[in-house]
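Structure for the following, please:
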Amino acid sequence: MSWLGAGVAFAAALFVMWALLRPRYDFVVRIVDGVAKTTRGRVLSVQLDEINSLCRGFGLKRGWVGGVRTRKHVRLYFSSNLPPEFRQRMRNMWDLH
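This is a model prediction of the structure:
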């Protein structure tokens, strides 16, 4: 097998691993111009209102929050530009609803 063939096979294997191991989001909320909107799945209106309130409080204009359902709860994932304080408030709020 040539080096080029080995490189292509390696790249294909990496892609397959990524596709199998990436999180499958049950919902995604995108923040655009400071307004949070659900783009995948379903989110309670109360939760969306909380996210919008947090965005105003932190002055956030863009980002995303995704949720993956596990056996017992929902694990939240965040875009890298969302500050740790925002993330913690989201986790606290999510546990209440």
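
Which residue ranges of the protein form strands?
For the chain, applying DSSP state E gives strands covering 27-32, 35-40, 62-69, 74-78.

quick one: low-confidence ranges for this structure?
Counting by pLDDT under 70, the chain contains low-confidence ranges at 1, 19, 21-23, 97.

quick one, longest helix in it?
Ordering each helix of the chain by length in residues (DSSP state H) puts helix 3-21 first.

With distance to residue 17 and mean neighbour count added, can I get the strands of the chain in CSV?
Quick note: C-beta positions are derived from backbone N, CA and C, even for glycine. Formatted as CSV, these follow (distance: least, CB to CB, whole Å; neighbours: other CB atoms under 10 Å):
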stretch, distance to residue 17, mean neighbour count
strand 27-32, 22, 18
strand 35-40, 23, 16
strand 62-69, 18, 18
strand 74-78, 19, 15
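
In JSON lines: these, plus distance to residue 20.
Below are the strands of the chain laid out as JSON lines (distance: least, CB to CB, whole Å):
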{"stretch": "strand 27-32", "distance to residue 20": "20"}
{"stretch": "strand 35-40", "distance to residue 20": "19"}
{"stretch": "strand 62-69", "distance to residue 20": "14"}
{"stretch": "strand 74-78", "distance to residue 20": "17"}
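
beta partners for residue 37?
residue 30 (DSSP bridges).

quick one, what contacts it?
29-30, 48 (CB atoms under 8 Å, 6 or more residues apart in numbering).

What of residue 13?
For residue 13, no residue meets the contact criterion (CB under 8 Å, 6+ apart).
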